[in-house]
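Participant: Here's a sequence, model it:
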Amino acid sequence: MFKLLSSAVRSAASRVQRQQQFPALYSTFHPREFQFESSDGETGTLIHRFSRHIALTRRDFDDRTRFGFKYASFYPVYSPDAFLGELRKVSCLDLGKLICLTADFRSKTDFRLFADVANALDEESEGRVEGASFNELVTILHGFMYLLPNKITKLKSYRKAMPRLVELFAEKPNGKDFMTVLFFLGLWKRNAFGGRLMDQYLQSYLGEFLNDQLDLMDFAILANASYKTSVRISNERFLERLENEICNFEGKDMALFVTLIKCARMNRMRSERVLEKLRSILENDATALDFRGLSHLFVYLAEISVKNDSLNKLFLDEASRRIEEEISNNEEEESTSQSFRPKDLATFLHGCATLSIPITQLDLEPNNLLNKIFEKIEREEYRYTPDTLVDTCLSLWVMNLPSVDLMSSIFSDRQMMQNFKRDRVKIESRRDLLLACAEIERPEAFKIISRLPRVDAFQLDRSCPEFLVRHRAQLQRVASCLEAAREKLQIAHVQFSLPVKFLNIAGLFVTLDNGVEFNVDVLEKTNCLSDEQTPTGLMGLKLRLLEQISAPNVVVS
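Facilitator: Residues are numbered from 1 along each chain as shown. Sure thing, here's the model as predicted:
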C-alpha cells in the first residue's frame, strides 16, 4: 500500500512539475479539435496547389541535406518531457523537416497525444521566431502548412512569425520572397491584425513586384490572398490586370477563374467585359463549374448590384438544375459532397435575395428546397455554423419564402443557441432582423416557438441613427426639400426614421398639419440595382413589410 501511495505521489508531483516547466503546452489546441478532423481532404484543393507552387517554384533552400536528426529519437512519443528535450536540440531548418515528418506519426497515434505533440511543436517554434532567418522561418511555416493546413493560423508561432517575416523581407526585398510572404499572409483570414498587415505589405511592395514575371498562378495567389484577408486594392495596374486575366481566361481550371472573380467582387469591379465573359462561360462551359463555383460567380452580380435579366436567367436555370439534382439524390455520402455545402447554398440564396429575385423565378419546388435544408440540419451540417443557417433563412424570407419551421430549427436547438453566444457579433444583427420579419409577417411563430423574444419590430416614428443617413445624399436632399416646402405642403414635422427595427434602411417620417402621418422612402444608388428603379432585396423587404402592416408609405425615385 505504501509503495502504491508513494508511486501515486511521485506521479502527481511529476505532472505538476511538467505543467510548471511547460505551462503553455495545451494553450494552442485542445485534443477534441483533432478527434474528428484530418487534413487528408486538403490534398488537391486550391490552397494545397498554391502551397505546392510556392514551395516548389519560389524557394531556393541552401540546405540540400536530408535532415540532421534521427526520426526514432522523436517518434513514437513515449515521454512528453523527453520529446520536448529533444526538440531543443534540433536546428531551425531541421525543425521544419521534423514538423513535416510528424504527419506520418499523426496517422498512427491517438488524437490526444497528437494534440500534445502539435502544441509542443508550436511552443518550440514560437521560441525560435526572433532568432531565425527568413529561410528558417519559411521552412517551419511550410512544415506546418503540410501538417496542419486547416489550423495553421491558430498557431502562436504563425502569429508571431508573420510580422517578423515581413520585417526580414524588408531587409532584402525580392520577387520570390514577395510571393512567399504574400501566400502565408493570405492564410490569415477573419483577423483584423492580419488584414492590416496584408494591407501595409501590399501598399509597400505591390507596385514594385507586380510585373509580367508573375504568371497566372502567381496572380491568382495574389488575388486569393487579398480576398481572404478582405483587403481592397486600389492599384490601377492590379485592377487592369485583374480584368484582363478574367476576360482572357481560357481552359477548364475553373478554380482559378472563380478566385479571380472573388477578388473582382470584393473590389467592386464593374465591367461589361467581365459580365460578357460570365455569359460566355455559362453558355459554353457551364459543366466545368460545380455548384460552389457557380454560386460565387452569381454573387458577383449581387455585389455590384447589376440588373441584367438575361444573365440572371442563365445563372438561375443552371443553379436550379444543380439543386434539383441534389434534391433528387438520396444517397447521404453524395449529398454531403463538397460541391453542395450549406455555405454554398447560402451564398447562392444571398445573391438571389440581393438581386430581388423571388423564389418563384427558380425552376424548382420551394418545399423540396426547404426539405433539403432540413435534411442538412438533421445531419448536423449547420451545427457549428449557425450564421450560415440564419443567412439562409433570412435570404429565403427576402425571396418571399418565409418559414416558421426553419426558424424553429434555429431557435429551438440549444446547441445552436450556444454557438450564437460564441459568434454573437457575427450573427446578432441578422438574427434580430429575422425576428422583426417574423413579428410582422408571421406572428404565429411566437406562439409555436417557446421563448422566442419579441423585438418591437414596427414603429412609424422611430428615430434613426445618424450613421444610416450620412451617405444617403438623395434622402437628405428630399428631406431638405420637404423642410423648405413646409408652409406650402402644410407639413408640421419631418425627421429621419427607421420604421422597421433592425432593417437599417433610413426613411423619412412626415407629419402634416392635419395630423396625417406617413413614411417616405427614397430609391437611390445605395438601395437600388443598376437600373436605378429596382430596389435591392432588403429595400424590397422593407416596402413589403410596410405594406403588410398597412403603413402609409410614399416611394420617391
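
Participant: Next secondary structure after the host helix or strand of residue 53?
Facilitator: Here residue 53, judged by DSSP states H and E, is contained in helix 46-57. The C-terminal neighbour of helix 46-57 among helices and strands, as given by DSSP H and E, is helix 80-87.

Participant: for the following helix or strand past that next one, which positions count as buried?
Facilitator: Following helix 80-87 in sequence order, the next helix or strand is helix 92-106 (DSSP H and E). Neighbour-count burial for helix 92-106 flags 92-102, 105-106 (criterion: 16 or more other C-beta atoms under 10 Å). Quick note: C-beta positions are derived from backbone N, CA and C, even for glycine.

Participant: Does anything pack onto helix 92-106? Which helices or strands?
Facilitator: On a contact count with 3 or more C-beta pairs under 8 Å, 6 or more residues apart in numbering; DSSP states H and E, helix 92-106 meets helix 111-128, helix 134-147.

Participant: and the buried residues of helix 92-106 as CSV, adding distance to residue 362 and pLDDT?
Facilitator: Listed next are the buried residues of helix 92-106 as CSV, based on distance: C-beta to C-beta, whole Å; pLDDT from 0 to 100:
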residue, distance to residue 362, pLDDT
92, 55, 89
93, 56, 86
94, 57, 89
95, 53, 92
96, 50, 90
97, 52, 88
98, 53, 89
99, 48, 92
100, 47, 89
101, 50, 87
102, 48, 90
105, 49, 86
106, 44, 86
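
Participant: Return the closest of the residues you listed with respect to residue 233.
Facilitator: Distance ranking of the buried residues of helix 92-106 against residue 233, using C-beta to C-beta, places residue 96 first at 31.0 Å.

Participant: Quick check: closest non-adjacent residue to the closest one.
Facilitator: residue 139 (3.3 Å; C-beta to C-beta, 6 or more residues apart in numbering).

Participant: so what's that neighbour up against?
Facilitator: 61, 92, 93, 95, 96, 97 (C-beta atoms under 8 Å, 6 or more residues apart in numbering).

Participant: ok, now residue 543?
Facilitator: 521, 535, 553, 555.

Participant: which of the residues you listed sit farthest apart?
Facilitator: 535 and 553, at 12.5 Å, using C-beta to C-beta across the contacts of residue 543.

Participant: between these two, which one's more packed in?
Facilitator: Ranked by neighbour count (other C-beta atoms under 10 Å), residue 535 and residue 553 place residue 535 first, with 20 against 16.

Participant: I figured the more buried one was touching residue 528, is that so?
Facilitator: Yes. Contact criterion C-beta atoms under 8 Å: residue 535 and residue 528 qualify, at 6.1 Å.

Participant: before we move on, the earlier item: can you tell me which of the contacts of residue 139 is nearest residue 129?
Facilitator: residue 92 (9.5 Å).

Participant: per-residue pLDDT, the closest residue to that closest one other than its chain neighbours?
Facilitator: Spatial nearest neighbour of residue 92, excluding adjacent residues (C-beta to C-beta, 6+ apart): residue 136 at 3.7 Å. With respect to pLDDT, residue 136 scores 93.

Participant: Could you give the number of residues near residue 136?
Facilitator: The number of residues near residue 136, taken as other C-beta under 10 Å, comes to 20.

Participant: Kindly report the same for residue 107.
Facilitator: 9.

Participant: pLDDT wise, what is it at?
Facilitator: For residue 107, the predicted pLDDT is 83.

Participant: Repeat that for residue 113.
Facilitator: So, for residue 113, pLDDT stands at 86.

Participant: Also residue 415?
Facilitator: 69.

Participant: Any idea how far the helix holding residue 53 is from the middle of the chain?
Facilitator: Centroid separation for helix 46-57 versus its chain: 21 Å, with C-alpha atoms, centre = their mean, to the nearest Å.

Participant: related to what we said a few turns ago, ok, so what distance separates the residue nearest to residue 96 from residue 152?
Facilitator: For residue 139, the distance to residue 152 equals 14 Å [C-beta to C-beta, to the nearest Å].

Participant: From what I see, the residue nearest to residue 92 and residue 94 are in contact.
Facilitator: No. Counting by C-beta under 8 Å, residue 136 sits too far from residue 94 to count as a contact (9.8 Å).

Participant: Below-threshold pLDDT in the protein: ranges please.
Facilitator: Residues of the chain that meet the criterion pLDDT under 70 lie in 1-27, 37-44, 58-66, 330-338, 415-426.

Participant: 50 instead, please
Facilitator: Across the chain, the ranges flagged by pLDDT under 50 are 1-26, 40-41, 62, 333-335.

Participant: all strands for it, in order.
Facilitator: For the chain, the strands defined by DSSP state E cover 491-497, 507-512, 517-522, 553-556.

Participant: Which among those is found nearest to residue 211?
Facilitator: Closest of the strands of the chain to residue 211 is strand 517-522, at 46.3 Å (criterion: C-beta to C-beta).

Participant: Are there helices or strands packed against that closest one, and which ones?
Facilitator: Applying 3+ C-beta pairs under 8 Å, 6+ apart, we find strand 517-522 packed against helix 473-484, strand 507-512, helix 537-548, strand 553-556.

Participant: What are the buried residues along that strand?
Facilitator: Judged by neighbour count using 16+ other C-beta under 10 Å, the buried positions of strand 517-522 are 519, 520, 521, 522.

Participant: which of these sit farthest apart?
Facilitator: 519 and 522 (10.8 Å).

Participant: any common contacting residues for the two?
Facilitator: What both residue 519 and residue 522 touch, as defined by C-beta under 8 Å, 6+ apart, is the set 507, 508.

Participant: next one: phi and psi at residue 89?
Facilitator: Main-chain torsions, residue 89, degrees, to the nearest 10: phi -90, psi -10.

Participant: Torsion angles phi and psi at the residue lying closest to it once chain neighbours are set aside?
Facilitator: Using C-beta to C-beta, 6+ apart and skipping the chain neighbours, the partner closest in space to residue 89 is residue 69 (7.7 Å). For residue 69, the backbone dihedrals are phi -150, psi 170 (criterion: degrees, to the nearest 10).
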